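Asks: I'd like to go over a predicted model; first the sequence, then the structure.
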Amino acid sequence: MSMSPTDHAPSSGHGPPPADVERIAAELAALGEEPADDDELAVLTTHEQAHPDVRTVATLVELSTWSAPAQGLLPLEQHRVWRRIAQRSPAPSPVSEPDEPAANGFKGWRGLVAGLALVAGVIVLPRFEVPVAPSAEDRQATLGMGQAARGVLETLPGEQDGTRARALAEGYAERLAAVRTGSRRDGRGAGR
Amino acid sequence: MTRMRILGGRMGGRMGGRMIWARVGGLGLGLGVGTIACDPGDAGERTAASAHSLDATLRTHVVAPSSPTAEGLAYLRAVASIHERADRVQGEARVRVLREGLGVPVPAGLAEAEIVRLDLAARLGEALLDDPHGARAARDLLGPLVAVERSLPLDRATARALVVLGDAAAKTGDDALAAGSYARSIEVMSLLRQELEP
């Protein structure tokens, strides 16, 4: 049902407006019903005025479809009108601003703290990693590796411990003796 | 031939040369597989902590003979004497003797001391491992001496010290250090093979 602002002007109390009477008559005729008589129209008028709910709904429909007669205003004037209306409105805007976090969302500092916690977790956790016991297979592989290395070492050419130290000392002594002999020979040669 | 002089002593052993190096090569192949198996991406949660710290970095250098001096000769003879004393005792007494040997001051310029001391430390580590509670001490002793940050002498003593460190690490539950040490010892033996081969 479309209504214009003029259609919903306050009723006079003596019956519905003529436009409504004509519309009701047309709708009844379309439905094949008999035209409404004066009593029915009076009841309709009384009923509309007597029930606040009906009036409330009618008012809401009227406001929702009402268009301000601003077509004649300049764009600047329209802007001023709407800004004035917005300033009068006491209720906050039901739609959040795009850059404003929702009431149940993360605030800026919460995001920062969460980011720092994530970074700290990435950096700190590996330093406190708890040694994980190697599996039995890994352990066995390591022990087998050591056993094989010892086996090769035992067969590696060369000596160790006292034998090695003595051999080194003997070779070192020979070289030292050779150096001393060479020095004395050079000394005698120089003296001649 | 420089290496031959430093190595000294007899060459050869119970196994033929080719057989020895075949074992080293096979061990190296096994090491490669083992290292791949320890990759964090493959091992998952089981060995995550161990795999992160596994390091088989190895840097080596050849010890050239130094100019002989009387002080150098005295040091080498002192170390030989230490070993003889250690041969006559066992257990804690041997540990004390070997520790005493590591405390002998090294004369300046004696390059051979690096090898002698490493051999002494390896033997001390072995003596410590004989004690059920000595693994930690052996690891603390050898860990700094053959750390991955250090260049190690390309010598049998290095391979021995790394094996002992691996044993100590395995006994203390550090499988990553154990595997890394074993890997480095095998690498040293492989390098020795390349140098000793004609």
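Replies: Here it is on my side, so go on.
Asks: next, count neighbours for the residue lying closest to B:Asp130 once chain neighbours are set aside.
Replies: Spatially, and ignoring its direct neighbours in sequence, B:Asp130 is nearest to B:Gly91 (6.8 Å; Cβ to Cβ, 6 or more residues apart in numbering or on different chains). Placement of C-beta: from N, CA and C, glycine included. Neighbour count for B:Gly91, taken as other Cβ atoms under 10 Å in any protein chain shown: 11.
Asks: equivalent analysis for B:Leu141, please.
Replies: 22.
Asks: need the helix or strand of chain B with the lowest average pLDDT.
Replies: helix B:2-7 (a mean of 35; mean pLDDT, DSSP states H and E).
Asks: centre-most residue in chain B?
Replies: Nearest to the mean C-alpha position of chain B, counting by Cα atoms, centre = their mean, stands B:Ala161 at 2.0 Å.
Asks: so where is chain A shaky, pLDDT-wise?
Replies: Chain A contains residues with pLDDT under 70 at A:1-16, A:43-51, A:59, A:62-75, A:77-78, A:81, A:88-133, A:186-192.
Asks: show me where chain B has its strands.
Replies: B:59-61, B:151-153 (DSSP state E).
Asks: with respect to chain A, which of these lies nearest?
Replies: Of all those, it is strand B:151-153 that lies closest to chain A, at 12.6 Å by Cβ to the nearest Cβ.
Asks: pull out the buried residues from that closest one.
Replies: Within strand B:151-153, the residues that count as buried by 16 or more other Cβ atoms under 10 Å in any protein chain shown are B:152-153.
Asks: over to stretch B:54-71?
Replies: Under the neighbour-count criterion of 16+ other Cβ under 10 Å, stretch B:54-71 has B:54-56, B:58, B:60, B:63, B:66, B:68-69 buried.
Asks: so which of the residues you listed is the closest to chain A?
Replies: Among those, B:Pro68 lies closest to chain A (Cβ to the nearest Cβ), at 3.6 Å.
Asks: picking that back up, B:Leu129 is in contact with the residue nearest to B:Asp130, correct?
Replies: No: at 11.9 Å, B:Gly91 does not count as touching B:Leu129 under the criterion of Cβ atoms under 8 Å.
Asks: ok so, going back, which of the buried residues of stretch B:54-71 has the weakest pLDDT?
Replies: Lowest in pLDDT among the buried residues of stretch B:54-71 is B:Leu54, which has 80.
Asks: residues touching the residue nearest to the centre of chain B, list them.
Replies: Going by Cβ atoms under 8 Å, 6 or more residues apart in numbering or on different chains, B:Ala161 touches B:118-119, B:121-122, B:125, B:142, B:145-146.
Asks: nearest to chain A among the residues you listed?
Replies: Using Cβ to the nearest Cβ, the contacts of B:Ala161 come closest to chain A at B:Asp119, 5.6 Å.
Asks: doesn't B:Val164 make contact with the closest one?
Replies: No: the criterion here is Cβ under 8 Å, and B:Asp119 misses it with B:Val164 at 10.8 Å.
Asks: looking at these two, which is more packed in?
Replies: B:Val164 (29 against 25).
Asks: next up, the contacts around the more buried one.
Replies: Neighbour list for B:Val164: B:122, B:125-126, B:129, B:138, B:142 [criterion: Cβ under 8 Å, 6+ apart].
Asks: from the buried residues of stretch B:54-71, which are also near chain A?
Replies: Contacts with chain A within the buried residues of stretch B:54-71, as defined by Cβ under 8 Å from any Cβ of the partner chain: B:68-69.
Asks: could I get the buried residues of stretch B:54-71 as JSON lines with distance to A:Glu159?
Replies: Listed next are those as JSON lines, based on distance: Cβ to Cβ, whole Å:
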{"residue": "B:Leu54", "distance to A:Glu159": "32"}
{"residue": "B:Asp55", "distance to A:Glu159": "30"}
{"residue": "B:Ala56", "distance to A:Glu159": "27"}
{"residue": "B:Leu58", "distance to A:Glu159": "23"}
{"residue": "B:Thr60", "distance to A:Glu159": "20"}
{"residue": "B:Val63", "distance to A:Glu159": "16"}
{"residue": "B:Ser66", "distance to A:Glu159": "20"}
{"residue": "B:Pro68", "distance to A:Glu159": "20"}
{"residue": "B:Thr69", "distance to A:Glu159": "23"}
